[in-house]
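Peer 1: model this:
(chains A, B and C)
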Amino acid sequence: MIGTLHVPGPSPVHAVPAGYKLLVLCGLGTASFVIADPAVIAAGAAVVIMLYPLGRVPLHQVWVQARDLAPLLVLMAVTQAWFDSPLAAALTVTRVLTLVWAAGLVTATTGFSAMMAVLQRILAPLRRFGVRPARIAFALTMTVRFVPLLQEMIQETRAAQAARGMGRNPLALAIPVTIRALRLAEGVAEAVEARGALTDDDDFGIPERRHKEKASDTDA
Amino acid sequence: MGDAPAIELNQVTVRHGKRTVLDIDDLRLTDERIGLIGANGSGKSTLLRCLNGLVTPSSGQVRVDGLDTAQSIRQVRRKVGFVFQDPEAQIVMPTIAEEMDLGLKAQRLPSSVRRERMADALQRFGLQGREEDSAHLLSGGEKRRLTLASIFAMHPDILVMDEPTIMLDLPGRRQFRRMIDPLPQRVLIATHDLELLEGFQRVLVLDDGRIHADGSPRAAIEAYLDLVDAREAAA
Amino acid sequence: MTQTRDLVLMGLFAAVVAGLGLLPKVTLGFGVPITAQTMGVMLAGAILGARRGAGAMAIFLVLVALGLPLLAGGRGGLGVFAGPTGGFAVGFIVGAYLTGLLAERLPLRMVFPRLLIASIVGGIGGVYLLGIPHWALVADTPVSQVLLMALSFVPGDLIKACLAALVAAAIHRGYPVLQRA
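Peer 2: The predicted structure follows:
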């Protein structure tokens, strides 16, 4: 099953609306490229880390994220120190870590549906270019639906192959699983279609503001 | 009961490339419980899909309550609810409530009506109080009931089901039968489960896209058995 | 029908990429991880075509951005895009689009070579097209240096391209989706 990186609230950090958190994150990203002083950025990183306990996110997460990035950071730092200067290396490493920690905090303190709502708001102006937020939300739901199903299919197919004495041939697994999944997708599309769902897009999933140009919404 | 709109097929053919998968001259269905039997590939599923506009005939017309399925897809889909063979493919949304809501929202019903219909349908199919449960972690029988409830809640006039019992065990089949019997809608079921047809008013036997026999369950099943025997003898 | 079907197919291939991320990742000697995920990029393009393939990748990335741990090694959230490999992730969209475009248009009769070229050019070239500059920018390293480091990924990528092309070719024979785009 799919988990999330979300940590349940409530906390002052959870309480900040998702849109603002994303704005601050964008601002931080820009600022970190303008500021060329590793000490300032490190101070920023310290602030971000202090927000973790405030948002009830275990400090352990700070370590986990840094550990995951460690090999890449080392590689980057070494090449930078070699070709440029140790200062540049320090700048890069602090910058990346600060941004990753800040983004991690936003992700941990913002629920999936709140993020989805921000996404729909961001996408809403794109309606006039034919982007339909509700359809995107539908496709996202489909993915969340398919991940566990695919895992199930892989297990079943692997068992069937093993029963026939076929070893770990990746093609003998990938091809039947893909075909089964495509057939299932076909069935799902048919079932959605049969209910007449998704022919108009604006009332699927998360409620969004009604749009006026309904007359121009024809079904392809 | 009994006033569900009629289904009419007129000179209908469905072709996939050169192959004709359905060829029906004239058929009018007004009975309350109608069965559809025949070998795999005999055209059962295609016929059912014609009734909901999922398949458009290559020639001829399919009418539900006088509406041409090729022209008035939206109204036709409101009248004809479709229950699919594999609940896994039919259940789309993560929770029971969201799955129920998918079809109801498509009908643009106000939320008070949606809630009422949802509660009523879940009650009828024994899933009351489980709105927030994951739709994908249900047992096979429960998934089947959820698919029935989600279609029933849309209040169609006609229920079309494509091999609805194929994934069910014996207790599941019996339970299915008990739930179908009191439904006020006209019900059309394509099935290999010949026991299910007991008490139906009319059963059609399809063979190679054509209607081979049409009558009471007993007569139709006999005709089907004879057909299979004859095929085996010829082979 | 097409609209709903396309959406479901895009959702499916986003899930395929997510599923491939669950396979154990191999880490090369000096810390560069090789994941099976870019194979999903190639498959999406080669099986669904350019538009739907790119759409599938966009859906995948939106889910990652929304906080689902779908990238290889259970990574997810906005931090991914801030990190040095963020460009590779966004490159999935370009990669699938290019793969699809070539799979649709390359004037080659034989299916396998066509899909193989599409997977190599799109799935490797397209992904690197964004990934390398982004890495260079974040790490403040000259592009040429990053390019040199990226070379170490290429042998693994070629194996993935072969596998993707074999699978996609089999799908096109057994269950064609591309033609019905």
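
Peer 1: surely B:Pro57 is in contact with B:Leu51?
Peer 2: No - applying C-beta atoms under 8 Å as the test, B:Pro57 and B:Leu51 come out as separate, 10.8 Å apart. To be clear about C-beta, it is placed using only N, CA and C from the backbone, and glycine gets the same treatment.

Peer 1: whichever residue of chain B sits closest to chain A: how many residues sit nearby?
Peer 2: Per C-beta to the nearest C-beta, B:Ala89 is where chain B lies closest to chain A, at 3.0 Å. By other C-beta atoms under 10 Å in any protein chain shown, the residues close to B:Ala89 number 20.

Peer 1: what sits closest to it if chain neighbours are left out?
Peer 2: Closest residue to B:Ala89 apart from its sequence neighbours, by C-beta to C-beta, 6 or more residues apart in numbering or on different chains: A:Gly187 at 3.0 Å.

Peer 1: quick one: the one you found from C:Arg5, how far?
Peer 2: 10 Å (C-beta to C-beta, to the nearest Å).

Peer 1: and C:Val17, that's in a helix?
Peer 2: Yes - the assignment for C:Val17 by DSSP: H, G, I helix; E, B strand; the rest coil puts it in a helix.

Peer 1: got a pLDDT number for it?
Peer 2: On pLDDT, C:Val17 comes in at 93.

Peer 1: returning to that earlier point: ok, the residue nearest to B:Ala89 touching B:Ile91?
Peer 2: No - the pair A:Gly187 / B:Ile91 is not scored as a contact, 10.7 Å apart, by C-beta under 8 Å.

Peer 1: any idea which element C:Val8 lies in?
Peer 2: helix C:2-20 (DSSP states H and E).

Peer 1: so how far is that helix off the chain centroid?
Peer 2: Computed by C-alpha atoms, centre = their mean, to the nearest Å, the chain-centroid distance of helix C:2-20 equals 14 Å.

Peer 1: with stretch B:24-31 instead?
Peer 2: On C-alpha atoms, centre = their mean, the centre of stretch B:24-31 falls 16 Å from that of its chain.

Peer 1: please apply the same query to stretch A:15-27.
Peer 2: For stretch A:15-27, the distance to the chain centre is 15 Å (C-alpha atoms, centre = their mean).

Peer 1: same check, this time on stretch A:48-60
Peer 2: 20 Å.

Peer 1: in it, what's buried?
Peer 2: A:48-49, A:51-52, A:55-57 (16 or more other C-beta atoms under 10 Å in any protein chain shown).

Peer 1: could you list every residue that touches the residue lying closest to C:Gly83 once chain neighbours are set aside?
Peer 2: If the residues on either side of it in the chain are set aside, C:Gly83 comes closest to A:Val100, at 5.3 Å by C-beta to C-beta, 6+ apart. Each residue near A:Val100 by C-beta atoms under 8 Å, 6 or more residues apart in numbering or on different chains is listed here: A:65-66, A:69, C:79, C:82-83.

Peer 1: measure B:Ala233 to B:Leu227 for me?
Peer 2: 11 Å.

Peer 1: helix/strand/coil for the residue of chain B closest to chain A?
Peer 2: Taking three-state DSSP, the label given to B:Ala89 is helix.

Peer 1: isn't it up against A:Val188?
Peer 2: Yes - counting by C-beta under 8 Å, B:Ala89 touches A:Val188, with 5.1 Å between them.

Peer 1: more neighbours: which of A:Gly187 and B:Ile91?
Peer 2: Neighbour count, other C-beta under 10 Å: between A:Gly187 and B:Ile91, B:Ile91 has more, with 22 against 17.

Peer 1: chain neighbours aside, what residue packs nearest to A:Ala194?
Peer 2: Nearest one to A:Ala194, counting by C-beta to C-beta, 6+ apart, is B:Phe82 at 4.0 Å.

Peer 1: what's the neighbour count on whichever residue of chain B sits closest to chain C?
Peer 2: Closest approach between chain B and chain C, counting by C-beta to the nearest C-beta: B:Leu54, at 8.0 Å. Neighbour count of B:Leu54, defined by other C-beta under 10 Å: 21.

Peer 1: and for A:Ala163?
Peer 2: 8.

Peer 1: that one and B:Val113, how far apart?
Peer 2: 51 Å.
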